[in-house]
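Trainee: Predicted model, plus sequence, below.
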Amino acid sequence: MNVIFLKLGCYFIEARHMAPCRYCPEPGSLEKVLQSLLKVKDSRPEVGTMTDLIRYLELKNMLFVGEAVCRSALERTETRGSHFRADFPEQDDANWMVNIQVRLLEDRDLLLRKIPVS
């Protein structure tokens, strides 16, 4: 598959579902977005030119950021600020006065950690 088509697909997924004001109208919509991103991540596009290589590296970065945002949004089981979840419509200060830190591990997996707000 052509890297430019994958990059455009990733852009549209992220622009529609992972903007700063995320609205997840139905339970399971974030999971669907994550699965779409992982499907693109698993693809092996053709990289024939230096321009293709640059686009491929940009795509990998877009997928990393998109996956980090999506996994963080799934982790946060509440609505807070511009992050709205239909399946968790209330703010939950008792359990969610935290920031979610995302780290990229050596095996390219993501590690999420809750850090209390002081």
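Mentor: Okay, I see it.
Trainee: Give me the distance from stretch 70-82 to the chain's centre.
Mentor: 11 Å (Cα atoms, centre = their mean, to the nearest Å).
Trainee: Check stretch 32-40 too.
Mentor: Centre-to-centre, stretch 32-40 and its host chain are 9 Å apart (Cα atoms, centre = their mean).
Trainee: Show me which positions of that stretch end up buried.
Mentor: By 16 or more other Cβ atoms under 10 Å, the buried positions in stretch 32-40 come out as 33-34, 36-37, 40. All C-beta spots, glycine's among them, are computed from the backbone N, C-alpha and C.
Trainee: what kind of secondary structure is residue 71 in?
Mentor: Using DSSP: H, G, I helix; E, B strand; the rest coil, the three-state assignment for residue 71 comes out as helix.
Trainee: Tell me which residues touch it, please.
Mentor: Counting by Cβ atoms under 8 Å, 6 or more residues apart in numbering, residue 71 touches 34, 102, 110, 112.
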